[in-house]
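give me the fold of what follows.
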Amino acid sequence: MDQYTMTAIIKEQTDRALCEVKNVIDCVPDDLWNKNYCDMPCWKHIYHMLHSLDFWYINPRDREFTEPPFHEKDLMEYPPDCEYCRFTLILAQFRHLHSHMGMIMGFIIDDKGLWPRVLGLEMPFPGEEYDKYL
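Got it, this is the predicted structure:
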């Protein structure tokens, strides 16, 4: 597989993952945001998922970034200087992201009986008006 094809696949799958993240967050009903799951409110699970995305994809080298006041110390480690390790961590972040999305989807399914929509590998991206549940 050539570099361009690999880069295109990673970009497209990242776009799909971020679309699913938005949809899952949009699916969280107001009454679940503060409900505790595994000794943490749902919003904190969402924050951890988003913080990880931001940290590894958007600003991994921004040493001046200041955490919000509710952030817990040592939630994330700073990325290593090794390029191979950073690439591995980016790919691992897909697994991490989908683990957290699955947990949040489980909270919604268990509490509301609603199944958030996912895109899979080939489903077209939704337009502005779409059903956020399956």
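
every contact and neighbour count from this point should use C-alpha atoms.
Will do.

which parts of the lowest-mean-pLDDT helix or strand in the chain are buried?
One helix or strand of the chain scores below all others by mean pLDDT, DSSP states H and E: helix 83-112, with a mean of 80. Neighbour-count burial for helix 83-112 flags 89-90, 93, 96-97, 100-101, 104-108 (criterion: 16 or more other CA atoms under 10 Å).

gap between His51 and Met40?
Using CA to CA, to the nearest Å, His51 is found at 16 Å from Met40.

okay, those two: which has more neighbours?
It is His51, of His51 and Met40, that has more neighbours when counted by other CA atoms under 10 Å, with 17 against 11.

that's a helix at that one, yeah?
Yes. According to DSSP: H, G, I helix; E, B strand; the rest coil, His51 belongs to a helix.

was I right about Arg117 contacting Tyr130?
No. Counting by CA atoms under 8 Å, Arg117 stays clear of Tyr130, with 9.8 Å between them.

compare the two (neighbour count), which wins?
Taking other CA under 10 Å, Arg117 and Tyr130 do not tie; Arg117 has more neighbours (16 against 9).

distance of the more buried one relative to Ile10?
21 Å.

next one: Phe107
Where Ile10 is concerned, Phe107 sits at a distance of 28 Å (CA to CA).

chain neighbours aside, what residue packs nearest to the residue nearest in space to the middle of the chain?
Nearest to the geometric centre of the chain sits Leu97, at 4.1 Å (CA atoms, centre = their mean). With CA to CA, 6 or more residues apart in numbering as the criterion, Leu97 has its nearest non-adjacent residue at 6.1 Å, and that residue is Met49.

so who does the one you found touch?
Each residue near Met49 by CA atoms under 8 Å, 6 or more residues apart in numbering is listed here: 96-97, 100-101.

and Phe94, by the same measure?
Here Phe94 is in contact with Ala17 (CA under 8 Å, 6+ apart).

and Pro41, by the same measure?
Applying CA under 8 Å, 6+ apart, the residues near Pro41 are 33-35.
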